[in-house]
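Asker: build me a model:
(one chain, ligands or ions: 2)
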Amino acid sequence: MYLAEITFKILKDSNQEKQEELIENINASWAGNGQILDDCYHYAKAKKEYKMYQTIPEKDSLTDKYNNKYAKEFIEKLSSVGLAKPEITIIDNEEQEDDLCKCTEKTEFILYTTFETFHSPIRCKKCFKAIPLYKIPKLDNFNDDYYPINSWAKDYKACDSLQINCSVGVRFALKQMGSIDSQLTKVGLELCRDIEKLTGRDTYYYLYKYSAKSKKQELLRKCPKCGGKWLLDKPLHDIFDFECKKCKLLSNIGWDKR
Ligand SMILES: [Zn+2]
Ligand SMILES: [Zn+2]
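Answerer: Numbers count the residues shown, from 1 in each chain. Ligands and ions are numbered 1, 2, ... in the order given. Below you'll find the predicted structure:
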């Protein structure tokens, strides 16, 4: 991840509301396309420019080659409201921790996120590092972005926050995250199948399990979809104790008994 300083120079004074609206639209397009990692944004207007700071996955995430058709259109319109095209400066130019997948072969994917994950919810199953959304084909042709993935990830993070906070809606959240027939799982599984169709890569879905009766009982657990054996000899990425290759599902021994 890198921190980018984004500057929109003011070429001539114009309607401020229109300028801000365009900047917001560009941001929303970048967020929907996975080019910036947080869809919240704050910008400051100085005398001759607007400035904002955003976390981006790669140094070149905001270059034109990754912009979707809407970002391109909005950027073209900037001159009509007296703004120059955005100037991007990477603030911390040091090589950041290597948090993106660099595997060269066609690996499998896992749809995975947590309440504190900034990165794309598409992980490489081999190295468990993230893959920026803009590196896979678009899931929403109409919006030219990844709305279905972003929307699932937001719902998943909301459930994960509920269960971490342990105050409100914990049972609801755990059911959504762990049950094969919850609405969250249903949407997630459909997404996995869509990602497979678009990328040709098998995509696994993770069923989170927190509380269990006993470790012994956990070890006897079967795949909730096909009823087959799925206990792994050793955990994958220190998280997944179960894997069903047939149903492309992953899970863990209940965390409180693990
Ligand atoms: Zn990888
Ligand atoms: Zn199965």
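
Asker: can we go C-alpha only for contacts and neighbour counts from here?
Answerer: OK.

Asker: okay, and Thr7 sits in which element?
Answerer: Thr7 is part of strand 2-9 when elements are defined by DSSP states H and E.

Asker: any idea which helix or strand comes after the worst-scoring helix or strand of the chain on mean pLDDT?
Answerer: Here the helix or strand of the chain ranked lowest by mean pLDDT, DSSP states H and E is strand 43-45, holding a mean of 87. Next in sequence after strand 43-45, counting helices and strands by DSSP H and E, comes strand 49-56.

Asker: show me the protein divided up by domain.
Answerer: Domains of the chain are assigned by automatic domain parsing as 2-90, 109-251.

Asker: sheet partners, orientation included, of the least confident helix or strand of the chain?
Answerer: In the sheet, strand 43-45 lines up against strand 49-56 (antiparallel) (DSSP bridges).

Asker: buried stuff in the strand it pairs with?
Answerer: 50-56 (16 or more other CA atoms under 10 Å).

Asker: now do that strand: distance to the chain's middle.
Answerer: In terms of CA atoms, centre = their mean, to the nearest Å, the centre of strand 49-56 is set 20 Å apart from its chain centre.

Asker: now the angle from it to strand 2-9?
Answerer: On the basis of axes from the mean of the first three to the mean of the last three CA atoms, to 10 degrees, strand 49-56 is oriented at 160 degrees to strand 2-9.

Asker: before we move on, the earlier item: turn the buried residues of strand 49-56 into TSV, columns for distance to Ala153 and pLDDT.
Answerer: What follows is the buried residues of strand 49-56, written out as TSV (distance: CA to CA, whole Å; pLDDT from 0 to 100):
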residue	distance to Ala153	pLDDT
Tyr50	30	96
Lys51	28	95
Met52	25	94
Tyr53	23	93
Gln54	19	94
Thr55	18	92
Ile56	17	94
